[in-house]
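[1] Could you look at this predicted model? Sequence included:
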Amino acid sequence: ETLKEVFAIGLKNDFPFISYLVDSYQRDRMLSKGQDLTAATWIKESPYIKKVSSKSKKQANTIQSGIESYMKRVAPKFHWKAMNKIQDDIQSIIKYFVTAGQFVHSLIESNQVTPFAYDVVIVVKKTISNTTMVMPNLSDDDDDDEDEEEENKDDEESGKDYFSNVAKQLKSNDCPFVSKKLKGVNRGARFMMQTFKEFSGELGNSKYKDKPYDMKQYPRKKRFCAYIDRRGDSKDEDLIMFEPPDDANSLPDKHVPEWYFNAAKTVIIPSGGYKDSQKSKDFDIQETITADHAYKGRTITLSFHVDDEESVRCYLFWNGCYIRIVYPQDLKKILLSVFDIEYKDNKNYLEQKADDDLNKLRVKDDTFDAFYKEVSVTKK
């Protein structure tokens, strides 16, 4: 009931009220000392909620309960003290993020095809265990301790390769896709647009004639994805651009912001036998790649929620949780927590070159900018 009330506030005012509140808290927590700002403290100190409380304590309590419920059900807090670290080249990862943002904006500018969703799954080279002892948080405020315990619960078969048959899995589920190699200069937004045009041609193929596509407007009201595999010794990476199964590839009329999250958590890459809602005997929930499975930290998913030209929300999913990339510099702070900084040239790159690349990252949401200034406790 509480969630319904806060959802209603957003619907009445035509913006994602509860997700904006949680995004704001997550960012303020990221900027806080030790990333240990609790939700209860943030709610108590937020100037917006103070203002609401002065007029109606009941409504302020409803908002607080709504935030706490939303974070338990939809948006668990980001793992700033995770048990795993990624060993991979941060520079390459940032460039993929920049390319994804530029690609999204190229689609908007060239076709005016909003709204749509675009998810990019990157399988990193490897992860290592973070052996630093983390002392328990004894606060009785909320479920911080539960957050860190959740990250590995879905990865019981730690030695299993969930990404060895991606093309085969897509094909068996009748998901349109194209496969390419990322090599040399064929990595930027222009190459992604070329790949998208080839992918669009595949969508128009007669073998998908049962799918009602209006290719002049694609990807309007659709969701499509890209998969990048960075494993192996070759400098070339595998790229697959594809559309997920029908139960998670089309935005409904008058969609709510939570649809994007639900779709990414339903399916990105289907397992063999997925077949939408009619699961066959071969269906394996572990082999269905989703944004909220941890996979021992082996995947990073960048999820773009594109409502219109002025509202492009970008989320980074990792280790079973997610955080919004509000401003380009946020990504640097996030990756400092996720990656092994001592791996190869990562430290030098972050200190000397990363800022120049991050300034090319395009994320824009004017409505959220104004909202964040009203609710933030950091003013940064």
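    Structure received.
[2] so what does the helix or strand hosting Gln194 touch, helix or strand wise?
    Taking DSSP states H and E as the criterion, Gln194 maps to helix 189-203. Judged by 3 or more Cβ pairs under 8 Å, 6 or more residues apart in numbering; DSSP states H and E, the packing partners of helix 189-203 are helix 90-111, strand 177-182, strand 237-242. No exception for glycine: its C-beta is placed from N, CA and C like everyone else's.
[3] Highest mean neighbour count out of the ones you listed?
    strand 237-242 (a mean of 21; mean count of other Cβ atoms under 10 Å).
[4] which strands and helices sit next to it?
    With contacts taken as 3+ Cβ pairs under 8 Å, 6+ apart, strand 237-242 sits against helix 166-172, strand 177-182, helix 189-203, strand 223-229.
[5] In the stretch 151-300 of the chain, where is pLDDT below threshold?
    Within the stretch 151-300 of the chain, the segments meeting pLDDT under 70 span 151-159, 206-213, 276-284.
[6] circling back to that earlier point, buried stuff in the helix holding Gln194?
    189, 191-192, 195-196, 199-200, 202-203 (16 or more other Cβ atoms under 10 Å).
[7] Can you check which of the helices and strands packed on strand 237-242 gets nearest to Asp23?
    Relative to Asp23, the nearest member of the helices and strands packed on strand 237-242 by Cβ to Cβ is strand 223-229, separated by 20.2 Å.
[8] what inclination does the closest one have with respect to helix 189-203?
    Using axes from the mean of the first three to the mean of the last three Cα atoms, to 10 degrees, the direction of strand 223-229 lies 120 degrees away from that of helix 189-203.
[9] Does anything pack onto strand 223-229? Which helices or strands?
    Short answer (3+ Cβ pairs under 8 Å, 6+ apart): strand 223-229 packs on strand 116-123, strand 237-242.
[10] State the mean pLDDT of the longest one.
    The reference is to strand 116-123. Mean pLDDT, strand 116-123: 97.
[11] Run me through the strand neighbours of that strand, direction for each.
    Strand 116-123 has its sheet partners listed here by DSSP bridges as strand 223-229 (parallel), strand 299-308 (antiparallel).
[12] Of all those strands, which one comes closest to Leu316?
    Comparing the strands paired with strand 116-123 against Leu316 with Cβ to Cβ, the closest turns out to be strand 299-308 (5.9 Å).
[13] separation between His293 and Val74?
    16 Å (Cβ to Cβ, to the nearest Å).
[14] For the closest residue to Gly188 other than its chain neighbours, list the residues it contacts.
    Sequence neighbours aside, Thr99 is the residue nearest to Gly188 in space, at 5.5 Å (criterion: Cβ to Cβ, 6 or more residues apart in numbering). By Cβ atoms under 8 Å, 6 or more residues apart in numbering, Thr99 lies in contact with 187-189, 192.
[15] Output the helices and strands packed on strand 223-229 as JSON lines; include the columns distance to Asp369.
    Formatted as JSON lines, the helices and strands packed on strand 223-229 follow (distance: least, Cβ to Cβ, whole Å):
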{"stretch": "strand 116-123", "distance to Asp369": "21"}
{"stretch": "strand 237-242", "distance to Asp369": "31"}
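[16] Val363 is nearest to which of the ones you listed?
    Val363 lies closest to strand 116-123 among the helices and strands packed on strand 223-229, at 12.9 Å (Cβ to Cβ).
[17] For the residue nearest to Gly188, give me the pLDDT.
    For Thr99, pLDDT reads 96.
[18] and it, how far is that from Arg324?
    Thr99 is 19 Å from Arg324, by Cβ to Cβ.
[19] Could you dump the strands paired with strand 116-123 into a markdown table with mean neighbour count and distance to Phe78 added?
    Shown next, in a markdown table, are those (neighbours: other Cβ atoms under 10 Å; distance: least, Cβ to Cβ, whole Å):
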| stretch | mean neighbour count | distance to Phe78 |
| --- | --- | --- |
| strand 223-229 | 23 | 22 |
| strand 299-308 | 22 | 13 |
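[20] Now tabulate those strands in a markdown table and tack on distance to Tyr349.
    What follows is these, written out as a markdown table (distance: least, Cβ to Cβ, whole Å):
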| stretch | distance to Tyr349 |
| --- | --- |
| strand 223-229 | 19 |
| strand 299-308 | 17 |
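[21] Which among those is found nearest to Ser54?
    strand 299-308 (31.8 Å).
[22] How far away from the center of its chain is that closest one?
    Relative to the mean C-alpha coordinate of its chain, strand 299-308 is positioned 5 Å out (Cα atoms, centre = their mean, to the nearest Å).
[23] For burial, what's the neighbour tally of Lys347?
    15 (other Cβ atoms under 10 Å).
[24] Likewise for the one 5 residues further on?
    Look at Gln352: counted by other Cβ under 10 Å, it has 10 neighbours.
[25] ok, His293 and Val74, which is more surrounded?
    More crowded of His293 and Val74, by other Cβ under 10 Å: His293, with 22 against 17.
[26] Using the three-state scheme, assign the more buried one.
    Three-state call for His293 (DSSP: H, G, I helix; E, B strand; the rest coil): coil.
[27] For the protein, just list every one of the helices.
    Secondary structure of the chain by DSSP state H: the helices cover 2-13, 17-31, 39-45, 47-55, 57-73, 90-111, 144-150, 166-172, 189-203, 258-266, 328-338, 346-352, 354-358, 366-375.
[28] for those helices, which one sits closest to Asp229?
    It is, among these and with distance given as Cβ to Cβ, helix 166-172, at 7.7 Å.
[29] can I get the CA coordinates of that closest one in CSV?
    Extracted as CSV, the C-alpha positions of helix 166-172 are listed here (Å, rounded to 0.1, in the frame of the first residue of the first chain):
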residue,chain,number,x,y,z
VAL,A,166,25.1,-16.8,-26.3
ALA,A,167,24.5,-16.9,-30.1
LYS,A,168,23.1,-20.5,-29.8
GLN,A,169,20.7,-19.4,-27.0
LEU,A,170,19.5,-16.4,-29.0
LYS,A,171,18.9,-18.5,-32.1
SER,A,172,17.0,-21.2,-30.2
